[in-house]
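A.B. asks: Pasting a predicted model and its sequence here:
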Amino acid sequence: MATPSQFKFSNAVLLAPLLAALAIWSVFWFEVRFGVNFNDYGVYPRTLKGLRGVLLSPFIHGSVEHLYNNTLPLILLTAFLFYFYRREAVWVLLVGGLLSGLLTWLIGRPSYHIGASGIIYVLASFIFFKGIFAKYYRLIALSLTVVFIYGGMLWYIFSIKDGISWEGHLSGFLTGLFLALVVRTKVPVEKRYVWEREDYNEEEDEFMKHFDEHGNFIERKPDVEGDGAKINYQYKKRDD
């Protein structure tokens, strides 16, 4: 079966995840190399100064462990997004990052919220719900894959562990759900066989006429008197 055009591999499937990983690692390297701390550039809820974190916070991480935990999910989910939703991928990333950041700014505790986890929750939520809403078998399979790999992330949208911005996770999750509802995607039309159509009439199907109501093959004898094809043999007399 041919691969639908929107599901074909492109350079963006590799470049986008690599650029995302390079961006967050470069910022962390700069902090370590020059002894600076960008945590103050994170989202600080309900302050004018804290709004800059809506744009900057996804690039800032507090430790190597924090950075490492976000890198692999960011790479994998971004690759999924650009492969299965390549026409909408950039829009989902940009709008998803802005909306989740703003929602964190509205509902968050008075603390600096940093890290790419908000974007990760946007991607996981969008990919999961969009696949379910689309009702296309490949996208549903992708949704189930995301649940299998990252289903445990759901618990972290609640306040179950100190030091984790559950508000950022919740904001990303809700944003992904919202985008799954409003973003229009083109789903391939599945091939339907004749017997799957609504106007299909079994009695008019020439193939089905060879079977009885129990599914048994009906052996039909050739009609001798019919207008069947005839074979004529011609013999040429040999001249001695």
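C.D. replies: Structure received.
A.B. asks: All the helices of the chain, in order from the start?
C.D. replies: Along the chain, counting by DSSP state H, helices occupy 11-34, 53-56, 64-84, 89-107, 117-134, 137-150, 166-182.
A.B. asks: what angle do the fifth one and helix 11-34 make?
C.D. replies: Right, the one you point to is helix 117-134. 160 degrees (axes from the mean of the first three to the mean of the last three C-alpha atoms, to 10 degrees).
A.B. asks: can you pull the buried residues of stretch 17-37?
C.D. replies: Under the neighbour-count criterion of 16 or more other C-beta atoms under 10 Å, stretch 17-37 has 17, 20, 21, 24, 27, 28, 31 buried. For the C-beta atoms, the positions are set from N, CA and C on the backbone; glycine is no exception.
A.B. asks: Residues contacting that stretch, please?
C.D. replies: 38, 58-61, 64, 67, 70-71, 74-76, 78-79, 82, 116 (C-beta atoms under 8 Å, 6 or more residues apart in numbering).
A.B. asks: list the buried ones in stretch 84-92?
C.D. replies: 84, 85, 86, 88, 89, 92.
A.B. asks: Now distance to residue 148 and pLDDT too, for those, in a markdown table please.
C.D. replies: A markdown table is the format used below for the buried residues of stretch 84-92 (distance: C-beta to C-beta, whole Å; pLDDT from 0 to 100):
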| residue | distance to residue 148 | pLDDT |
| --- | --- | --- |
| 84 | 16 | 93 |
| 85 | 19 | 94 |
| 86 | 23 | 91 |
| 88 | 23 | 93 |
| 89 | 22 | 95 |
| 92 | 22 | 97 |
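A.B. asks: Looking at those residues, which is nearest residue 101?
C.D. replies: residue 92 (14.3 Å; C-beta to C-beta).
A.B. asks: Now do that closest one against residue 129, distance only.
C.D. replies: 12 Å (C-beta to C-beta, to the nearest Å).
A.B. asks: Also residue 165?
C.D. replies: 22 Å.
A.B. asks: Deepest in the core, which of the helices of the chain is it.
C.D. replies: Ranked by mean neighbour count, those are led by helix 117-134 with a mean of 25 (mean count of other C-beta atoms under 10 Å).
A.B. asks: so what secondary structure elements neighbour it?
C.D. replies: helix 64-84, helix 89-107, helix 137-150, helix 166-182 (3 or more C-beta pairs under 8 Å, 6 or more residues apart in numbering; DSSP states H and E).
A.B. asks: Now for residue 39, how many residues are close by?
C.D. replies: 16 (other C-beta atoms under 10 Å).
A.B. asks: Could you check how many residues crowd around the residue nearest to it when sequence neighbours are not counted?
C.D. replies: Nearest residue to residue 39, sequence neighbours excluded (C-beta to C-beta, 6 or more residues apart in numbering): residue 112, at 5.3 Å. By the criterion of other C-beta under 10 Å, residue 112 has 20 neighbours.
A.B. asks: Enumerate every residue touching residue 112.
C.D. replies: 39, 40, 42, 43, 44, 50, 53.
A.B. asks: and the residues you listed, which are buried?
C.D. replies: Using 16+ other C-beta under 10 Å, the buried ones in these are 39, 42, 43, 44, 50, 53.
A.B. asks: nearest residue to the residue nearest the centre of the chain other than its sequence neighbours?
C.D. replies: Of all residues in the chain, the one closest to the mean position by C-alpha atoms, centre = their mean is residue 127, 3.9 Å from it. Leaving aside its chain neighbours, residue 127 sits nearest to residue 146 (5.3 Å; criterion: C-beta to C-beta, 6+ apart).
A.B. asks: Enumerate every residue touching that neighbour.
C.D. replies: 77, 80, 124, 127, 128, 131.
A.B. asks: helices and strands of this protein: which one has the lowest mean pLDDT?
C.D. replies: Every helix and strand of the chain was ranked by mean pLDDT, DSSP states H and E. The lowest is helix 137-150, at a mean of 91.
A.B. asks: Before I go, just wanted to say thanks for your time.
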